[in-house]
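Participant: have a look at this prediction, sequence included:
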Amino acid sequence: MITGVVLAGGASSRFGSGPKGLQLFRGRAMALCVADVLAQVCERVVIEAPRGAGYEALGLPVVHAAAEHAGRGPLAGMAAGLRVAPEDSRVAFAPCDMPLIDASLYRALLAEGGSTYAVSPHGAEPLVAVLERKLLEPLLKTLAATTMPRAPIALEAAGARAVAFDDTAPFANVNTPNDLARLARGE
């Protein structure tokens, strides 16, 4: 079984007008655009988000990072996603602010087997990943450490491998309202 997790736990500080994943992209909440893609390759899809952020209104199950991981970044959300997955399964992760993400990326990551994350021509895309549930323990140890490594370093230390992709378009990231408007116009 493959569980899909939309990562929506970020502070959206550069966006400025509420949670990014709830912002509309072509008439649909970005988090749902991403969930639709994950649903093409996953039997179950959940959203990882802070309590009270409003994601419950989207109709998908919502999971939360552990309180002790507050402020520890996306690895906290990934640990929350791994925690709700069945033993001996894999979890596909996608950030809520990449509404152009494509199911073919996940099919390629799944075909590699094991735990993998994407690398685009712009660099590591660690939140576009398929991880084995067994990576939960190493990630929890990383989250408990005093200093936090960057996500790709933590994933590699836990046993994930990078998979390179040639196309940059699916990795377009929305950080500001201008980014969202540009992407919606197809720029």
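Facilitator: The structure has been received and is ready for your questions.
Participant: please make it C-alpha for all contacts and neighbour counts, starting now.
Facilitator: Noted.
Participant: which residue ranges of this protein form helices?
Facilitator: Counting by DSSP state H, the chain has helices at residues 30-39, 74-83, 103-112, 136-144, 151-158, 177-184.
Participant: pick out the shakiest of those, pLDDT-wise.
Facilitator: Among the helices of the chain, helix 177-184 carries the lowest mean pLDDT, a mean of 86.
Participant: hmm, back to that, Throw the helices of the chain into CSV and include mean neighbour count, thanks.
Facilitator: CSV is the format used below for these (neighbours: other Cα atoms under 10 Å):
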stretch, mean neighbour count
helix 30-39, 23
helix 74-83, 25
helix 103-112, 17
helix 136-144, 17
helix 151-158, 18
helix 177-184, 16
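Participant: and those: which comes nearest Q23?
Facilitator: Q23 lies closest to helix 30-39 among the helices of the chain, at 6.0 Å (Cα to Cα).
Participant: name the helices or strands packed onto that closest one?
Facilitator: In this structure, helix 30-39 makes packing contacts with strand 2-7, strand 44-48, strand 90-95, helix 103-112, judged by 3 or more Cα pairs under 8 Å, 6 or more residues apart in numbering; DSSP states H and E.
Participant: so how far is that helix from its chain's centroid?
Facilitator: Between the centre of helix 30-39 and the centre of its host chain there is 11 Å, according to Cα atoms, centre = their mean, to the nearest Å.
Participant: please save the CA atoms from it in PDB.
Facilitator: The C-alpha coordinates for helix 30-39 follow below in PDB (Å, rounded to 0.1, in the frame of the first residue of the first chain):
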ATOM      1  CA  MET A  30      -3.400  24.000  -4.300                       C
ATOM      2  CA  ALA A  31      -3.400  21.300  -1.700                       C
ATOM      3  CA  LEU A  32      -6.200  19.500  -3.600                       C
ATOM      4  CA  CYS A  33      -4.400  19.900  -6.900                       C
ATOM      5  CA  VAL A  34      -1.500  18.100  -5.400                       C
ATOM      6  CA  ALA A  35      -3.700  15.500  -3.600                       C
ATOM      7  CA  ASP A  36      -5.300  14.700  -7.000                       C
ATOM      8  CA  VAL A  37      -1.900  13.900  -8.400                       C
ATOM      9  CA  LEU A  38      -1.000  11.700  -5.400                       C
ATOM     10  CA  ALA A  39      -4.400   9.900  -5.700                       C
END
